[in-house]
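1. sequence-free structure coming up:
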């Protein structure tokens, strides 16, 4: 139901965007005005003064800078929409930057919003004109105790060079009872704090706060490179519906996702490289006399994802569900540490010193993909072997462990990153470890990194045989193809979460009474179909059979059944939500019999 509500909200928003007649105010930039600061502030404040802000789109110019001379403050009931043209591939078509003046003013929040915010085709730089990192945030603020929802929709936005953040939060900071965040085609880049390993976050509640809540947050075709955390919730704060789809993660110092309290959570079609660089130490998980290699120690507190039973949350606010209600899906993902980082954990000067002191159990080690306790919890079975939590799924068949993508130009300053990690393991000294921060400070475009990759397995490991990871930034041609089937992919993910079964592979067989005289394969009904259809077939004698679906190139796209089958009549439901429209074939195959029929998926 909550997913349906979000879907309706998105539909309404899209309809509004298409049909609402908003006025466009083109805002002059810093360079074309000869160094004037505050032009964006002034334009927004003028619209607020005459009451037109909800009917205004503020349009920024490519390859310009918009230097703020104060906080952009959005009040209850107000809507802020800042857009720019789609960036190109030349320096002159770089996205416009929003940044800070270097004047001595209060710079806690780039935007402090009690209403709704829409951002598109922008480059938000958490720094000033002199290139100094500024601790600031986009603050999504609760509306004076009203039961309202604060929303941010960000499409093709670069969030760059944010460190500790205002209120010790993130690039987007949530102090709201009901927050909805939609981040598509975004790039959280160099969210690096020179001192703290756990700051520099994409979306976060403030440190040591409590009582706030996220209704839903979506990250899609988004890259996170060089971060402290990615998504953070602690205290008694959590997100009901948190979803990552087609995302690329590179160089995360600590938690990718923290903490383990989720109602609905999905991580799909994504790549994780160096996802918890701080690692863990055996001494922190083993009591005296316990053997880590023998599995006698506690779980390392890391991985990309962990979860615990509802009665372990330690709070009750907003928790109106049981463990049986929860929907969790990890599918089509890869997870690996680079060889240089694994070697640095083992052989950096601090670790060498520990080894000389016979303190090898204090040397950092790579974190696991998912904690063992999480696996045991999600895969719990009862005395009869039935799945206790059928809507919690870790899809091991589409999990690629220790498979490096081989990024063509990873966003990694290896020397400074090595030093930063050594300092965090040793003396907690400071160093700026951001990847080529001068590119942002000089508005260099296109950016120098390239996280397309060379591993052929991962190039077709996502749903629909697309590459894993962020398609928009690193595989633009495949992204255009993927857009045509996005709706069916999300139908597959949603159905999988709601039922605990992949609708393209997990089918329900219903044998009828009686023994048929021969093998038969009936025509599906309905035909054409969208996206579900029913297939009937007959098996006259017990034996091995296979029922599979093929595309018009003869490539297998789904296995409906493969194994030993008793004699009988069977009915199978096929869900093609993860496939593109077209002609397909389904085939019943035995050692002696092969029957093929054609059907049409029409979306």
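-> Great, that's in hand. Predicted model, so just to flag it, every value in this text is computed and none were measured.

2. Name the residues of the helix or strand hosting residue 422 that are buried.
-> Element membership of residue 422, judged by DSSP states H and E, is helix 414-425. Residues 416-425 are the ones in helix 414-425 that count as buried (16 or more other C-beta atoms under 10 Å). Just so you know, the C-beta spots here come from the backbone N, C-alpha and C atoms, and that holds for glycine as well.

3. Closest one to residue 558 out of those residues, please.
-> residue 417 (42.5 Å; C-beta to C-beta).

4. Now do the closest one against residue 348, distance only.
-> Applying C-beta to C-beta, to the nearest Å, one obtains 12 Å for the distance of residue 417 from residue 348.

5. could I get the buried residues of helix 414-425 as CSV with pLDDT and distance to residue 549?
-> Output for the buried residues of helix 414-425, formatted as CSV (pLDDT from 0 to 100; distance: C-beta to C-beta, whole Å):
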residue, pLDDT, distance to residue 549
416, 98, 50
417, 98, 46
418, 98, 49
419, 98, 53
420, 98, 50
421, 98, 47
422, 98, 52
423, 98, 54
424, 97, 50
425, 97, 51
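
6. For the residues you listed, give me a markdown table that also has distance to residue 123.
-> Shown next, in a markdown table, are the buried residues of helix 414-425 (distance: C-beta to C-beta, whole Å):
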| residue | distance to residue 123 |
| --- | --- |
| 416 | 23 |
| 417 | 23 |
| 418 | 28 |
| 419 | 28 |
| 420 | 24 |
| 421 | 28 |
| 422 | 32 |
| 423 | 29 |
| 424 | 29 |
| 425 | 33 |
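
7. The residue sitting nearest the centre point of the chain sits in which helix or strand?
-> Most central in the chain under C-alpha atoms, centre = their mean is residue 244, positioned 2.4 Å from the mean C-alpha point. In the assignment (DSSP H and E), residue 244 maps to strand 238-245.

8. What of residue 47?
-> Going by DSSP H and E, residue 47 is part of helix 39-49.

9. now that helix: mean pLDDT?
-> Helix 39-49 shows a mean pLDDT of 98.

10. need the next SSE after that helix, C-terminal direction.
-> Next along from helix 39-49, by DSSP H and E: strand 56-59.

11. What strands flank that next one, and is each parallel or antiparallel?
-> Take DSSP bridges as the rule and strand 56-59 pairs in its sheet with strand 23-26 (parallel), strand 79-83 (parallel).

12. a markdown table please, covering these and showing mean neighbour count, distance to residue 174 and mean pLDDT.
-> Shown next, in a markdown table, are these (neighbours: other C-beta atoms under 10 Å; distance: least, C-beta to C-beta, whole Å; pLDDT from 0 to 100):
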| stretch | mean neighbour count | distance to residue 174 | mean pLDDT |
| --- | --- | --- | --- |
| strand 23-26 | 11 | 28 | 98 |
| strand 79-83 | 21 | 17 | 98 |
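
13. Output those as a markdown table; include the columns distance to residue 457.
-> Shown next, in a markdown table, are the strands paired with strand 56-59 (distance: least, C-beta to C-beta, whole Å):
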| stretch | distance to residue 457 |
| --- | --- |
| strand 23-26 | 46 |
| strand 79-83 | 38 |
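
14. Looking at those, spot the one closest to residue 599.
-> With C-beta to C-beta as the measure, strand 79-83 is the member of these nearest residue 599 (43.2 Å).

15. Run the angle between the closest one and helix 39-49 for me.
-> On the basis of axes from the mean of the first three to the mean of the last three C-alpha atoms, to 10 degrees, strand 79-83 is oriented at 150 degrees to helix 39-49.

16. what does strand 79-83 rub up against?
-> 22, 40, 44, 53-54, 56-60, 72, 74, 98, 111, 113, 115-122 (C-beta atoms under 8 Å, 6 or more residues apart in numbering).

17. For that strand, what is the distance to the chain centroid?
-> Averaging C-alpha positions (C-alpha atoms, centre = their mean, to the nearest Å) puts strand 79-83 24 Å from its chain's average.

18. do the same with stretch 375-387
-> With C-alpha atoms, centre = their mean as the basis, stretch 375-387 stands 27 Å off its chain's centre.

19. who touches that stretch?
-> Here stretch 375-387 makes contact (C-beta under 8 Å, 6+ apart) with 307-309, 328, 388-389, 392-394, 500.
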